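A.B. asks: quick check, what structure comes out for this input:
(2 chains)
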Amino acid sequence: MKLHEYQSKAVFAESGVPIPRGGVASTASEAKSIAQELGGRVVVKAQVLVGGRGKAGGVRLANSPLEAEDLATQILGMRIKGLPVSKVLVDEAVEPVAEIYLGVTNDRMMGCPVMIASSEGGIDIEEVARSDPEKIVRVYIDPLLGLQEFQARYLASAIELPRNHWREFIKICLGLFNAYKKTDSTLAEINPLVITQDEKLLALDGKIVLDDNGLFRHPELVEMRNIDEEAPAEREARIYSLSYVKLEGEIGCMVNGAGLAMATMDLTKLAGGEPANFLDIGGGASAEKVAVGLRIILSDPNVKVVLVNVFGGITRCDEVARGILSAIESEKPEVPMVTRLVGTNEAEGRRLLADADMITASSLKEAARIAVEKSKEVGKK
Amino acid sequence: MSILINKNTRLLVQGITGQEGFFHSAHMMNYGTKVVAGVTPGKGGEWVLDGKIPVFDTVKSAVEVTGANCSVIFVPARFAADAILEAADAELPLIVCITEGIPVSDMMRVQSFVQQKGVRLIGPNCPGLQTPGACNVGIIPGQIAEAGSVGVVSRSGTLTYEVLYALKLNGMGVSTCVGIGGDPIKGTNFIDVLGLFEDDPQTESIVLIGEIGGTDEERAAEFIRDRMTKQTVGFIAGKSAPPGKRMGHAGAIVEGGEGLAVDKIKALTSAGVKVVDHPEQIPEMIF
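C.D. replies: As a prediction, this is how the structure comes out:
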């Protein structure tokens, strides 16, 4: 789960990271009154959970409260990469003299947190990693000790930060690490961290990505979830703890297990089709969960055929078959369905599906081939 | 021979009175695994599974009384880190964590402690291990593999079953199958298991099943090129997965241009691994 800029910066501020004065608005008149309180020039920033807001015209400078109101009206009506803008952040405008990158994330290979700094802030850090890898400095953090001052000092020195800013920079590093740790984040990032004309450090933009597995410890952060930005199918999948990712193809896939689900998608593609989704019903799925999964797949208008691939271990094929039958009864799908059930209780599962109008396959390869053929037939009609 | 587990493994089940732990303990016992103890805090003194298995409050007391030398963990995610730490503190040489959904921050602390203690953790978020005909630790179905000479190591669960079953249908047996798990931070990686297979006289060839996310397969490729003499066949899941999306497993995500299936396949192929397009093709590549 990602937090918005205004939410991330509020979390940083609680840990002692300096942020610009500002406020969040859902209407243009709110934006105007925030601009009035701030006085002077302000920046109006769309709050959406995608990159590239600036390029899309979602971040604009206003010279007066009236102009802020006008820009807020425009930005609040926008969709950026398909997502509606329902809030804007109105911050005091700052003229930076330098822009720094500072972030902390989990390093998979080292199995510990890593803090990353660069003198080239304000642009995508992955871009810097490609063009100027030597401009990126890392320190690996002992998960039992946490970030130490000497490590922050090393970062300051390695990015050639002027010495008069070191004390403040180290405080910000420790604050950022603390924010990352206390929220169980997988990424906490300030980009840019700027040096202002009056020689202060300020976190102009912020981003936090929370570990979904850590959310049980943070009910206050779960409340920040913006359900407007979640597609209904994804929301339903989340509620039933199904892993669902919508894709662009026409073959709906329902599989138990993430690895097998990916392999099923790959084979569909290899057979000449395009998967419509990734869907893992998980281990030991109940008939109810299977039915919800199938409903989610069928709600996608692009789906021309459904491919069910289940290798029963703790998942029982008869239970899966019951779920399929219940979804067929309620949804009355018009698309063909190809099923392959192998493993625990497969005979019972096949018997249950025998009367339903369904194509069965014995191997994974055959199932993928038939599904692709059927999707093309449907396409012709 | 086999690796990590065999008929002398004395298994302790943490979370034995929970639904999952209880169900799979019965399966593991039916398989012939020596389940010697269970641990559920607050239920010490009870006997479960037809009165055959004693339950203890703590791992330490279970080990002292029963001589358990391996633990399998079925406790819910929010208590799992503590369960692994308890097993590591009792110095059980092999700890297998099935639980999915442990926060990464917990796993980083756990990993550090496990390494300090010098014990081996497999998982979390894994199906466990199976040495066919001898011992089954975890949730891999019992009937889908025969004993033999192919070593299997995988980041996945059901995809592994698919491969085991394809091997069986082709008359091929397995020395040991190790599911290392789908999390970004895990106790045992491909290279650890590859090294064990290389040294195991029973294992003649190896199947490696990887997926998108991270660089474990690339590191495995280097290891295979530099250190392995045995034949390795591979499959990588997720070629059709879009970047930036987590495909079910916490670790299955392409981020910042890293973790792509195509890079992994390239690395493995250049290290001499035969990488198949299709998991059902694996048996025909092994000779």
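A.B. asks: what residues are up against the closest residue to B:T17 other than its chain neighbours?
C.D. replies: Distances taken as CB to CB, 6 or more residues apart in numbering or on different chains place B:T40 nearest to B:T17, at 4.3 Å, with adjacent residues excluded. C-betas here are computed from N, CA, C, even on glycine. Residues in contact with B:T40 (CB atoms under 8 Å, 6 or more residues apart in numbering or on different chains) are B:14-18, B:55, B:57.
A.B. asks: quick check, distance from the helix or strand that contains A:L89 to the centre of its chain.
C.D. replies: Using DSSP states H and E, A:L89 sits in strand A:88-92. On the basis of CA atoms, centre = their mean, to the nearest Å, strand A:88-92 sits 23 Å off its chain's mean C-alpha point.
A.B. asks: can you give me the buried ones in that strand?
C.D. replies: Buried residues in strand A:88-92, counted by 16 or more other CB atoms under 10 Å in any protein chain shown: A:88-92.
A.B. asks: and B:Q130, how close does it get to chain A?
C.D. replies: The gap separating B:Q130 from chain A is 11 Å, by CB to the nearest CB, to the nearest Å.
A.B. asks: can you give me the neighbour number for that residue?
C.D. replies: 30 (other CB atoms under 10 Å in any protein chain shown).
A.B. asks: repeat for B:G251
C.D. replies: Neighbour count for B:G251, taken as other CB under 10 Å: 24.
A.B. asks: same thing with the one 5 residues further on?
C.D. replies: B:G256 has 13 neighbours, counted by other CB under 10 Å.
A.B. asks: what's the closest of the buried residues of strand A:88-92 to chain B?
C.D. replies: Proximity to chain B was ranked across the buried residues of strand A:88-92 by CB to the nearest CB; first place goes to A:L89, at 23.6 Å.
A.B. asks: what bridges to the closest one?
C.D. replies: Here A:L89 sits in beta bridges with A:V24, A:K45, going by DSSP bridges.
A.B. asks: pLDDT value on the residue nearest to B:T17, please?
C.D. replies: The confidence metric pLDDT takes the value 97 at B:T40.
A.B. asks: how much space separates it from B:C70?
C.D. replies: Distance of B:T40 to B:C70, given as CB to CB, to the nearest Å: 18 Å.
A.B. asks: please apply the same query to B:T58.
C.D. replies: From B:T58 to B:C70 the distance is 17 Å (CB to CB).
A.B. asks: go ahead and measure how far stretch B:266-275 is from the middle of the chain.
C.D. replies: Stretch B:266-275 sits 23 Å away from the centroid of its parent chain (CA atoms, centre = their mean).
A.B. asks: can you list the buried residues in that stretch?
C.D. replies: Buried residues in stretch B:266-275, counting neighbours by 16+ other CB under 10 Å, are found at B:267-268, B:271, B:273, B:275.
A.B. asks: out of the residues you listed, which is nearest to chain A?
C.D. replies: Nearest to chain A among the buried residues of stretch B:266-275, counting by CB to the nearest CB, is B:V275 at 12.2 Å.
A.B. asks: hey, what's the closest one bridged with?
C.D. replies: Per DSSP bridges, the residues bridged to B:V275 are B:G234.
A.B. asks: now do the contacts for it.
C.D. replies: With CB under 8 Å, 6+ apart, B:V275 has these contacts: B:233-236, B:265, B:268-269.
A.B. asks: could you report the neighbour count for B:F23?
C.D. replies: Residues lying near B:F23 (other CB under 10 Å) number 14.
A.B. asks: also A:Q197?
C.D. replies: Neighbour number of A:Q197 under other CB under 10 Å is 10.
A.B. asks: what's the answer for B:T203, then?
C.D. replies: So B:T203, with other CB under 10 Å, has 22 neighbours.
A.B. asks: of the buried residues of stretch B:266-275, closest to A:I281?
C.D. replies: B:V275 (27.8 Å; CB to CB).
A.B. asks: and the closest one, how close does it get to B:I265?
C.D. replies: Counting by CB to CB - B:V275 and B:I265 are separated by 5 Å.
A.B. asks: common neighbours of those two, please.
C.D. replies: Going by CB under 8 Å, 6+ apart, residues that sit against B:V275 and also against B:I265 are B:234, B:236.
A.B. asks: quick one: average pLDDT of stretch A:356-375?
C.D. replies: The average pLDDT within stretch A:356-375 is 90.
A.B. asks: buried ones in it?
C.D. replies: A:358-361, A:364-365, A:367-375.
A.B. asks: now the strands for chain B?
C.D. replies: In chain B, the segments counted as strands under DSSP state E are B:10-14, B:34-39, B:47-48, B:53-56, B:70-73, B:94-97, B:120-122, B:128-131, B:135-138, B:147-154, B:174-179, B:205-211, B:231-237, B:274-275.
A.B. asks: near chain B too, which of the buried residues of stretch A:356-375?
C.D. replies: Among those, the residues within reach of chain B (CB under 8 Å from any CB of the partner chain) are A:364-365.
A.B. asks: just flag the most distant two among the buried residues of stretch A:356-375.
C.D. replies: Among those, A:M358 and A:K365 lie farthest apart (CB to CB), at 18.6 Å.
A.B. asks: next up, the contacts around residue 134.
C.D. replies: You didn't say which chain, so I picked chain A. Per CB under 8 Å, 6+ apart, neighbours of A:E134: none.
A.B. asks: switch to chain B, that's the one I care about
C.D. replies: Counting by CB under 8 Å, 6+ apart, B:A134 makes contact with B:2, B:5-7, B:32, B:147.
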